[in-house]
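# Provide a 3D model corresponding to the input given below.
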Amino acid sequence: MVDYTDFKKSLKHLELQYDNCKTLDDALPELIQEAVQESVIQRFETCYDTLWKHLKRYLIEEIGLPDVPNSPKPIIKLAGQNNLFTSSVEQWLKYADARTSTAHDYSGQKARETLLIVGAFILDAIALYQTMTGTAWE
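I've put the predicted structure just below:
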């Protein structure tokens, strides 16, 4: 049986910091606002990485797939083929691309673009968590 503790914890942390980011006071210094946004991006990266690794274990241990690759995009495609997502595989591939791009973009443009999809990612990740665990999100 797969232990989802790390996945849940990383998703909770992302959810909380994203809520903080959405409610930032515009009067705060720009450096503080950027720090919170950067924290959201970092938590997105951590959550995404944790999610796909748990998804891999789910595909192997719960569904019983014999040959599961060891990289996110093929795992996402397999999960889509097994009807684990409430949104499209294409949307999940956008999350994968956002994760990759934030690690290699030093201009900040990709980070800003990623911030625009974090809300949708959280909702989709919660739905996936509920599917994999069979429990409601708390």
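# Verify the contact between E113 and A98 for me.
Yes. Under the criterion of CB atoms under 8 Å, E113 makes contact with A98 at 7.0 Å. For glycine as for every other residue, the C-beta is placed from the backbone atoms N, C-alpha and C.
# Which of the two has more residues huddled nearby?
More neighbours surround A98 than the other of E113 and A98, with 22 against 14 (other CB atoms under 10 Å).
# In three-state terms, label that one for me.
helix (DSSP: H, G, I helix; E, B strand; the rest coil).
# pretty sure it is in contact with L115, am I right?
No. Judged on CB under 8 Å, A98 makes no contact with L115 at a distance of 9.6 Å.
# L55: neighbour count?
Neighbour tally, L55, other CB under 10 Å: 23.
# Name the helix or strand for it, please.
L55 is located in helix 30-61, with elements delineated by DSSP states H and E.
# name the helices or strands packed onto that helix?
With contacts taken as 3 or more CB pairs under 8 Å, 6 or more residues apart in numbering; DSSP states H and E, helix 30-61 sits against helix 5-22, helix 72-81, helix 89-104, helix 109-133.
# Next, the buried residues of that helix.
For helix 30-61, a neighbour-count test (16 or more other CB atoms under 10 Å) marks 36-37, 39-41, 43-48, 50-52, 54-59 as buried.
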